[in-house]
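Visitor: Mind folding the following:
(2 chains)
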Protein chains: 2
Amino acid sequence: MTPNLPDDDFTSGALSQLEAPSAETRARKHLPRIVSALVAFVVTLLVLWVGLPLLAPVYLILTLVAVQEYTALMSLRGIPIRKRSIWVAAVLTLPASLPISYPGMQPLIAGVSWREALIGLFALYLVALELANPNRNSLQAVVFSFFGYLYIPWLFGYIITLRYTPDGVLGLWYLTLPALAVVATDVGAYIFGSLFGKRQLAPLISPNKSVEGSIGGLVLAAAVVGAALVYLERRAGLHVNVYDGLLFSLLVSSAAQLGDLFESLLKRWAGVKDAGVFLPGHGGVLDRIDSALIAFPVTYFFVTLVILR
Amino acid sequence: MTPNLPDDDFTSGALSQLEAPSAETRARKHLPRIVSALVAFVVTLLVLWVGLPLLAPVYLILTLVAVQEYTALMSLRGIPIRKRSIWVAAVLTLPASLPISYPGMQPLIAGVSWREALIGLFALYLVALELANPNRNSLQAVVFSFFGYLYIPWLFGYIITLRYTPDGVLGLWYLTLPALAVVATDVGAYIFGSLFGKRQLAPLISPNKSVEGSIGGLVLAAAVVGAALVYLERRAGLHVNVYDGLLFSLLVSSAAQLGDLFESLLKRWAGVKDAGVFLPGHGGVLDRIDSALIAFPVTYFFVTLVILR
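Guide: So this is what the prediction gives:
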């Protein structure tokens, strides 16, 4: 009833079981989210189509803001994050994420990607940084900064990898398909959840999500991916068999939902001590890319291991 | 004076500055460590020489015990570690760590190693596991279990990689060199520290270590690696130029000392709330392999990027 409803993931700071709100309340809360998701989706398609010249700056901006948000979330639990170090690592992750099919790219060593070496190098750097000036929070700084790097810049880098896998033409489709699946999951979960939502999916983490919505997300993702594959087969000669397409849509939709839930867990954890705290300058980039962070890597491995083999 | 001196890293559970003990006390504390290190070194050489048939079980046993110790350390801070999941991931890391030069091995995808994919897969599994049954400790369980996997089985896997880089013959030498450097660092730090130790290296983390000992470790490592390279040039025709050899010994010795300090930080952090607590069944495997965990990956990247290019 009040016009300033808090973000649905922040309705309670504590890990407590809440009653599911009515369908009307859910609709009121989710509508702006759907609209902004659709607008973002059109912009996303443009960025994906243009490729590296737009994808690189967008990757960097979204990553830097999301890392800032992660840092703010962790600071609520008193955990210091080496934000600037993660930013530098993110800048390095961008070129490192270009696949070896990209003109001029080579693996660092036969069989070892630059991305693998970056993980080791960054961990070593974080450890050396803390040991030079150790304090009570050093271990948490290492562990959570390292996790923050992997969770945001490193995982998000798969968008770059996927855009040029196996090449710049087919890669556009292989990147558009999971983008469609992620949006379809969001929309499907909203519609099904509003209409049929009864059983809570994860009452402790995200009380507004229902099992029915989750299934709706899977169903709409399968339908949209299926339609896109039929279109792509006629338009671009891209052939993916029915079972692979169905498996793909289920995997990516599940991954998107997992990413969403995990980010809720992160926020819920950070909010435990300060119920209802709003992050200063919290632009919500992490909220927008949480599904993509998991869905795109899953797509990359599915495409390379199942479709391209 | 008391015969039951506590382990040097546990003299104080809190991060407090302590006075450096006398040279005599240091000698008394370090002698068993040096002896056990030398015994371990001879056994290690045998294992390295035989290769996979012995290296695989030794990798698995040491990893499983070290993960158990890490789990016990973290439990002192109330952090649940998904120990059995890490064990399963460790078993998978063993074959994944074979380099593509090993007969029959191929990268998972061109330019992407199995090791890179394992990181993503394991993170995804941990997240899904916690989301299926979330609680107050879920986020810490994900973050610290993931870190534990990377810190122990994943990093230690580079021993397997290095043994067969670039092949099973030269790989033996490239694995023996850092093993020599790690032991030389330990022995050099002990001797120099006992004789000249005045300035504390890291008073907050490991009050018994001195700057002089650290330099002594670097010096003895350089001398031993230099001698080994001269021998190897005559015996095995392995040519490494003087500057590469010196750089290598300094890097690996620094990495070994960093690994040692980081493990002390881990123990110090775990002991904050319970000063003087001894871990049940703490066999000290992590104490023994802490230097190797950092030194061997550094060696791998140095060998592949500098020596073999």
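
Visitor: SS state for residue A:80?
Guide: In terms of secondary structure, residue A:80 is coil; the call rests on DSSP: H, G, I helix; E, B strand; the rest coil.

Visitor: Enumerate every residue touching it.
Guide: Applying C-beta atoms under 8 Å, 6 or more residues apart in numbering or on different chains, one finds that residue A:80 lies in contact with A:74, A:137, A:140-141. In this view, the C-beta of every residue, glycine as well, is placed from N, C-alpha and C.

Visitor: Can you show me the strands along the stretch 151-300 of chain A?
Guide: A:200-202, A:206-210 (DSSP state E, counting those that start in this stretch).

Visitor: related to what we said a few turns ago, which of the contacts of residue A:80 count as buried?
Guide: Neighbour-count burial within the contacts of residue A:80 applies to A:74, A:140-141; the criterion is 16 or more other C-beta atoms under 10 Å in any protein chain shown.

Visitor: Quick one: those residues as TSV, columns for pLDDT and distance to chain B too.
Guide: Formatted as TSV, the entries for the buried ones among the contacts of residue A:80 read as follows, by pLDDT from 0 to 100; distance: C-beta to the nearest C-beta, whole Å:
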residue	pLDDT	distance to chain B
A:74	93	10
A:140	93	8
A:141	94	10
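
Visitor: Show me these that map onto helices.
Guide: The helices, defined by DSSP state H, take in A:74, A:140-141 from the buried ones among the contacts of residue A:80.

Visitor: Check whether residue A:262 really touches residue A:290, as I assumed.
Guide: Yes: the pair residue A:262 / residue A:290 is scored as a contact, 7.1 Å apart, by C-beta atoms under 8 Å.

Visitor: Can you list the low-confidence ranges for chain A?
Guide: When residues are selected by pLDDT under 70, those of chain A lie in A:1-30, A:33-34, A:37, A:272-283.

Visitor: Distance to residue B:126 for the ones in helices among the buried ones among the contacts of residue A:80 - can I get that in JSON lines?
Guide: Below are those laid out as JSON lines (distance: C-beta to C-beta, whole Å):
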{"residue": "A:74", "distance to residue B:126": "18"}
{"residue": "A:140", "distance to residue B:126": "18"}
{"residue": "A:141", "distance to residue B:126": "21"}
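
Visitor: And the closest residue to residue A:236 other than its chain neighbours, how far from residue A:235?
Guide: Beyond its immediate neighbours in the sequence, the residue positioned closest to residue A:236 (C-beta to C-beta, 6 or more residues apart in numbering or on different chains) is residue A:173, lying 6.3 Å away. Counting by C-beta to C-beta, to the nearest Å, the gap between residue A:173 and residue A:235 amounts to 9 Å.

Visitor: swap in residue A:194?
Guide: Noted for residue A:194: a distance of 33 Å to residue A:235, by C-beta to C-beta.

Visitor: The two: who's more crowded?
Guide: In this comparison of residue A:194 against residue A:235, neighbours counted by other C-beta atoms under 10 Å in any protein chain shown, the higher total goes to residue A:194 at 20 against 10.

Visitor: Would you mind measuring from the more buried one to residue B:61?
Guide: When distances are taken as C-beta to C-beta, residue A:194 and residue B:61 turn out to be 55 Å apart.

Visitor: likewise residue A:72?
Guide: Spatial separation of residue A:72 from residue B:61 under the definition C-beta to C-beta is 43 Å.

Visitor: more neighbours, these two?
Guide: With other C-beta under 10 Å as the criterion, residue A:72 and residue B:61 differ in neighbour count, and residue A:72 comes out ahead with 17 against 11.

Visitor: on contacts alone, who are the packing partners of the helix or strand containing that one?
Guide: Secondary-structure element containing residue A:72, defined by DSSP states H and E: helix A:52-75. Contacts of helix A:52-75 with other secondary structure elements, assessed using 3 or more C-beta pairs under 8 Å, 6 or more residues apart in numbering or on different chains; DSSP states H and E, are made with helix A:23-50, helix A:83-96, helix A:138-149, helix A:155-156, helix A:158-163, helix A:242-271, helix A:285-302.

Visitor: Which among the ones you listed is found nearest to residue B:186?
Guide: Counting by C-beta to C-beta, residue B:186 lies closest to helix A:138-149 out of these; the figure is 23.2 Å.

Visitor: Dump the C-alpha coordinates for that closest one into CSV.
Guide: The C-alpha atoms that make up helix A:138-149 are tabulated as CSV, following Å, rounded to 0.1, in the frame of the first residue of the first chain:
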residue,chain,number,x,y,z
SER,A,138,43.8,-9.8,6.7
LEU,A,139,42.5,-13.3,6.1
GLN,A,140,39.0,-12.2,5.4
ALA,A,141,40.3,-9.5,3.1
VAL,A,142,42.2,-12.1,1.1
VAL,A,143,39.4,-14.7,1.0
PHE,A,144,36.5,-12.3,0.2
SER,A,145,38.5,-10.1,-2.2
PHE,A,146,39.5,-13.2,-4.1
PHE,A,147,36.0,-14.5,-4.1
GLY,A,148,34.7,-11.0,-5.3
TYR,A,149,37.2,-11.1,-8.2
